[in-house]
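**Q** This is a predicted model, with the sequence first.
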Amino acid sequence: MSWQTRDLRRIRLPLIYTGLSLAFCGLVVGGAWLLRQAAQQQQMQSEAVAVEAETRAAAAVADSQDIATYRAAYTSLQQRAVISPEQRLPWVEYYTALSRAGNPADLSLQIEPRRPLEDPPDTAMLENLQFYASKLTLDTKLLHEVDALRMLDRLRTVQGAAIVRQCALKRSDGTGSARPFLLLMTCEGDIITLDTPPAEAIPQ
């Protein structure tokens with residue numbers, strides 16, 4: 001079988017149509033692939049936006065919970081006068097009057113001027129406040145061990161945060177005294193408070 005020029009002319013148009021058809025199919029397939037890729041990218045972007053929104057919402061909820069917890073703790077400290085100026089005289093008067101009801105043979109509570117607390121805890125949320133410690137020394141003469149426990153328990157009711165660091169308890173024969181006693185107790189500790197630093201101590 002031999003091909004002649006006129007035969008090629010006869011199939012030229014069908015070949016052109018076939019080529020155009022293939023090219024059109026290629027364009028359709030390529031366009032469909034591009035549309036699919038664009039749709040997938042848009043879906044990924046939408047999912048990323050949704051995840052970011054959920055993360056921000058969760059962070060906002062956590063922040064609001066932290067703020068509520070902080071406010072509750074701050075209010076509690078204010079009510080207990082832990083956040084307050086130094087009140088040495090009211091502390092001594094309050095504790096002495098309260099403890100006299102327990103009828104100790106002798107009672108002496110000394111509270112020194114406060115000083116900045118050494119190695120204070122990390123309180124980033126209380127950055128405008130400073131920890132202070134007012135050293136306390138308690139000397140008392142008692143009849144029974146249970147009286148000593150009561151005296152220490154009463155320290156917890158003093159405004160501020162009273163911390164007893166050490167106590168020395170020893171027996172002593174004071175039965176012949178005007179007010180009999182059998183025990184001598186000496187305790188040392190601190191009353192911890194939070195307050196704004198003096199104006200001159202704040203860096204400019």
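**A** On my side now, so go ahead.
**Q** Against residue 141, how distant is residue 170?
**A** 11 Å (C-beta to C-beta, to the nearest Å). For the C-beta atoms, the positions are set from N, CA and C on the backbone; glycine is no exception.
**Q** Specify which residue of these two has the higher count of neighbours.
**A** The neighbour comparison of residue 170 against residue 141 (other C-beta atoms under 10 Å) goes to residue 141, with 20 against 8.
**Q** unless I'm mixing things up, that one is touching residue 105, no?
**A** Yes - counting by C-beta atoms under 8 Å, residue 141 does reach residue 105; the two are 3.9 Å apart.
**Q** Can you check which residues contact both of these two?
**A** Common contact partners of residue 141 and residue 105 (C-beta atoms under 8 Å, 6 or more residues apart in numbering): 174, 179, 181.
**Q** Of those - the most surrounded one?
**A** Note: the member of the shared contacts of residue 141 and residue 105 with the most neighbours is residue 181, at 21 neighbours, neighbours being other C-beta under 10 Å.
**Q** Mind checking what secondary structure that residue has?
**A** Secondary structure, DSSP: H, G, I helix; E, B strand; the rest coil: residue 181 is coil.
**Q** Ok, the one 5 residues further on next?
**A** When the structure is reduced to helix, strand and coil (three-state DSSP), residue 186 reads as strand.
**Q** which one is it nearest to, not counting chain neighbours?
**A** Leaving aside its sequence neighbours, residue 186 sits nearest to residue 168 (C-beta to C-beta, 6 or more residues apart in numbering; 4.9 Å).
**Q** ok so that neighbour is a helix residue?
**A** No - using three-state DSSP, the secondary structure at residue 168 is strand, not a helix.
**Q** Looking at per-residue confidence, what score does it get?
**A** pLDDT recorded at residue 168 is 93.
**Q** wait, doesn't it sit right on residue 185?
**A** Yes - between residue 168 and residue 185 there is a contact under C-beta under 8 Å: 7.1 Å.
**Q** Neighbour count for those two, which is higher?
**A** For residue 168 versus residue 185, the count of surrounding residues by other C-beta under 10 Å is larger for residue 185: 20 against 9.
**Q** Give me the pLDDT for the more buried one.
**A** 92.
**Q** Residue 155 and residue 164 touch, don't they?
**A** Yes - under the criterion of C-beta under 8 Å, residue 155 makes contact with residue 164 at 6.4 Å.
**Q** Next, show the common contact partners of those two.
**A** Residues touching both residue 155 and residue 164 by C-beta under 8 Å, 6+ apart: residue 189.
**Q** Tell me the strands beside the helix or strand where residue 141 lies, with direction?
**A** Using DSSP states H and E, residue 141 sits in strand 130-142. With DSSP bridges as the test, strand 130-142 is paired with strand 106-111 (antiparallel), strand 115-116 (antiparallel), strand 183-195 (antiparallel).
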